[in-house]
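Fold the following and give me the result.
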Amino acid sequence: MLFLPRRPAPAMASDAALQRNTGATLSKSHAGPGHLIQREESGMERHMLSIKPDRGGWVLFDGGRPIEWFHTRQGAVAIGEVKAYALYHWSGIPSALRVFVDDTVSMTEARFG
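Numbering: from 1, shown residues only. Sure, this is the predicted structure:
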């Protein structure tokens, strides 16, 4: 059986309020509930997944929202890469995985699209 990828839900009034509260401008756009995508200098929109250390483990964030906790950094990176690739492969949205070493220092682990 063939399943088509889901399309993002249309923007609602609550989403507009969220964008006002987070300081969204014309340089940011909306890609479904709770997902703000920042534009890079090239004009391409890139969905950011990030991994941050937390309580003796690692947390995978999708658009600033925590979605999974892992014991090891390697496990978090592996699943994060799969999720970033799947997002690009099934919806065509360029995505990237960023890994934070501490609160301020990060490195881009993978980019798709």
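
Do a quick rundown of the helices in the chain.
Ranges of helices in the chain, per DSSP state H, are 13-22, 73-91.

Identify the residues contacting the residue nearest to K52 when sequence neighbours are not counted.
Spatial nearest neighbour of K52, chain neighbours left out: F100 (4.5 Å); criterion: C-beta to C-beta, 6 or more residues apart in numbering. C-beta here means a position set from N, CA and C on the backbone, and glycine is covered the same way. The contact partners of F100, by C-beta atoms under 8 Å, 6 or more residues apart in numbering, come to 50-53, 106.

Any idea what F100 is bridged to?
Assessed by DSSP bridges, F100 has beta-bridge partners S106.

any idea how far it lies from G92?
Going from F100 to G92 by C-beta to C-beta, to the nearest Å gives 27 Å.

where does this protein have low pLDDT?
Scanning the chain for pLDDT under 70 picks out 1-44.

can you point me to the longest strand in it?
If you go by DSSP state E, the chain has its longest strand at strand 45-54.

Tell me which strands it pairs with, and in which orientation.
Strands that pair with strand 45-54, judged by DSSP bridges, come out as strand 36-39 (antiparallel), strand 57-62 (antiparallel), strand 95-100 (parallel).

looking at those, which is buried most?
A comparison of the strands paired with strand 45-54 by mean neighbour count, using mean count of other C-beta atoms under 10 Å, puts strand 95-100 on top with a mean of 21.
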